[in-house]
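Student: Just to be clear, the model below is a prediction. Sequence and coordinates:
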2 protein chains.
Amino acid sequence: MIVQKYKDMLSGKSVIRQLSEFATARGAEIGYENVFDYSLGNPSVPVPREFTEQMIHMLETKDSVALHGYSPSLGIPSVREAIAASLEKRFGLPYRKEHIFMTSGAAGALAHAVRLVTEPGDEVLTFAPFFPEYHPYVDLAGAVLKVVPPETETFQINFEAFEKMMGPRVMAVLINTPNNPSGVVYSAATLRKLSEVMTRKSVEYGHDIFLISDEPYREIVFKGVDAPCVSAFYENTIMCYSFSKSLSLPGERIGYLAVQPGCREAETLVNMCGQISRGIGHNCPPSIIQLAVAEVLDLTADLTVYETNKELLYRELISLGFTCVEPGGTFYIFPKALEEDAKVFCRKALQYDLVLVPGDTFGAPGFFRMAYCIDTVKVERSLGALHRFVETEYPGRV
Amino acid sequence: MIVQKYKDMLSGKSVIRQLSEFATARGAEIGYENVFDYSLGNPSVPVPREFTEQMIHMLETKDSVALHGYSPSLGIPSVREAIAASLEKRFGLPYRKEHIFMTSGAAGALAHAVRLVTEPGDEVLTFAPFFPEYHPYVDLAGAVLKVVPPETETFQINFEAFEKMMGPRVMAVLINTPNNPSGVVYSAATLRKLSEVMTRKSVEYGHDIFLISDEPYREIVFKGVDAPCVSAFYENTIMCYSFSKSLSLPGERIGYLAVQPGCREAETLVNMCGQISRGIGHNCPPSIIQLAVAEVLDLTADLTVYETNKELLYRELISLGFTCVEPGGTFYIFPKALEEDAKVFCRKALQYDLVLVPGDTFGAPGFFRMAYCIDTVKVERSLGALHRFVETEYPGRV
């Protein structure tokens, strides 16, 4: 019989998806260039030319049986080696290929990470505001996701609430820095304190507690911002990385999971990923994409547009009287709405063709997210609409 | 804490993998050309030139943001449409894009199919000889795989045993035709009878029973063999397809799941796949690979070498006195060993640098598998070794 659990999920339509559909429909009416669609976190810059050249070069010159052949279940060894070398050089931790498992993007990495360290009924803690897809990743692995309420002054960690929630069933803590949706980068002080609490609780409960670090925005960090390497602060860290944003190829589904070399049984964890894959039908990311990214590991797409957009938006929001933590990276900003219910606020904004996402979706009611991975020209044109929206709906503020 | 279940799986090393490692090691000693490695089912012919040309064309001409952008979670609509049209034309069933879900190869399709129709503890029946990876696909979804013993005269279905095992907890029947490891194609009579039993049992138990049809070898069918479309015999069929063998690109992990248009709630099942994906981190196969295969749907690699190899091997095996069902397709043959314990038989064969896989791995002790997806020249050279092996170890037979 059809399984009801998955059928029921169909009715829970994503708010972001609905808003994006509104934007598309409205675009058909008035021209998409006139809709200020801040709903979706889709990279908007081209892939580095070197990636395309490498793909074409391999297709033109390599033996096709070898090029398109099966990858071993943990990934192509030369690719895993190149990634380990790049991580070691950059972060100073002794990564080897034995610590790397190739995945279908960060989603694949997270699905494996959760299964590595949780039994059904175990708890995973994450911090609001958080990426809502963490729910299915954790829930459908049989574990329970619990959300620590936000520290809304800075969007660092609310340690008081965190410590209270660190019960004996918590087997993993899941963080995302630079953060979707706040754009905030966790400071070294935050990561040190997080590590201290987790270490203390591991000892108290007599079992390892793993840190799962979701890092798809690692390369999008703005000038002057210090973005410390999460894995350097805590040995039992499982890094989940995606090239989607750094190389601007989200559709090619390529990323990796990297277990901190100092983690207990690090190599066993990586080998276990191969076994988990057999059950979830993951296997490996495509051979040709693995081989191509290995050639451009130290490159990124031109990510400067995101900082330009952030500057424009942040300045305008502040001048309009918004309360807003300045993003240190990503292509998101997460201001406080101008009325208590952010859903009402965002609904009003739609009348000005501004598509904003209420913070409720991210576990932080009262705030809203703007994904500014769009052309700078459009950001500039949207500022007038933003001004009109605030002036008309919340008079007396400007 | 590290999950013991996956850790335990590490010790259960695959027999096929061990044999393949032996072949590689022995090849380093005496030259790989002198090892007759029949262990692995890896395609040995080039991808069609049109696929490579299409990839290069897209990389050279398409806007990279669009080309490498996110695919919707069910797959790129134009690709799903092209697959539906191709299936409709070929099999005469009214497939539409709403019946198609793009997957990471047949493994991805099977992982979704099992989750669609089984709750933990439900049973899935399959027929020996069977592909051993069905175990992790089913076990790790929480269901129970039960194996119907083989009908060793023809490797069609042992219906007597099947009917006895069709209890009320059986929610799905999983078949693979053309079959790995036997090479046998299920006849129309077999499929009709299978459908009749499943329909009768569905009525008896008052719930749907789904047929999951694993079809990676669908395009490798030899001259004069009738390979009927499984989905045409039973409405509640979920087809799991892979382009790995037909296009010879197993490393690119591309396939699809197609729900029979007459299946109850067919479109709901496809939409549910998108929800299952959210939990297992599957998302979608790479955009560029989806787009490229859509352009070569009605092509295959040059698969004739497999039939040439089958002819050579089958003739030789029969002349050496083996009992063997003649394969109707695939690149496998599954003869009876010359002594009761096929593991002992295969171990002896290694002394002649013949790498054969004991049938125990496939739920059919006493038989052995040869994967003849290798150069014909090598098959020819292996015949002498096969002759010497039989003559020396089993004298009086030749």
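Tutor: Perfect, thanks for sending it.
Student: how close does A:Gly121 get to chain B?
Tutor: Plainly put, A:Gly121 is 12 Å away from chain B if you go by C-beta to the nearest C-beta, to the nearest Å. Any C-beta I mention is one placed from the backbone N, CA and C, and that applies to glycine too.
Student: so is A:His282 in a helix, a strand, or just coil?
Tutor: coil (DSSP: H, G, I helix; E, B strand; the rest coil).
Student: so how far is A:Leu87 from it?
Tutor: From A:His282 across to A:Leu87, the span is 22 Å (C-beta to C-beta, to the nearest Å).
Student: Also A:Val377?
Tutor: 37 Å.
Student: Which of these two has more residues huddled nearby?
Tutor: Neighbours per residue (other C-beta atoms under 10 Å in any protein chain shown) separate A:Val377 from A:Leu87, with A:Leu87 holding more: 24 against 9.
Student: For that one, which residues are in contact?
Tutor: A:Leu87 sits next to A:93, A:95, A:258 when contact means C-beta atoms under 8 Å, 6 or more residues apart in numbering or on different chains.
Student: which residues are contacting the helix or strand that contains the last one?
Tutor: Element membership of A:Ala258, judged by DSSP states H and E, is strand A:255-259. Contacts to strand A:255-259, defined as C-beta under 8 Å, 6+ apart, come from residues A:75, A:80, A:83-84, A:87, A:95, A:99-106, A:108-109, A:112-113, A:216, A:231, A:237-244, A:266-267, A:269-270, A:273, A:285.
Student: Show me what from the stretch 251-398 of chain A comes close to chain B.
Tutor: A:251-254, A:265, A:268-269, A:271-272, A:275-276, A:278-289 (C-beta under 8 Å from any C-beta of the partner chain).
Student: mind running it again at 10 Å?
Tutor: By the rule C-beta under 10 Å from any C-beta of the partner chain, the part of the stretch 251-398 of chain A lying against chain B is A:251-255, A:263-265, A:268-269, A:271-291, A:301.
Student: my guess is A:Ala109 contacts B:Gly281, does it?
Tutor: Yes. Proximity of A:Ala109 to B:Gly281 meets the contact threshold set by C-beta atoms under 10 Å, at 7.4 Å.
Student: Find residues that contact each of the two.
Tutor: Among the neighbours of A:Ala109, those also in contact with B:Gly281 (C-beta atoms under 10 Å, 6 or more residues apart in numbering or on different chains) are A:103, A:137, A:240, A:255.
Student: Can you tell me which of those residues lies closest to B:Lys146?
Tutor: Closest to B:Lys146 out of the shared contacts of A:Ala109 and B:Gly281 is A:Tyr137 (30.6 Å), distances taken as C-beta to C-beta.
Student: Just to be sure, that closest one is in a helix?
Tutor: Yes. Under three-state DSSP, A:Tyr137 sits within a helix.
Student: what about the closest residue to it other than its chain neighbours, which SS state?
Tutor: Spatially, and ignoring its direct neighbours in sequence, A:Tyr137 is nearest to A:Leu110 (4.9 Å; C-beta to C-beta, 6 or more residues apart in numbering or on different chains). Assigned by three-state DSSP, the conformation of A:Leu110 is helix.
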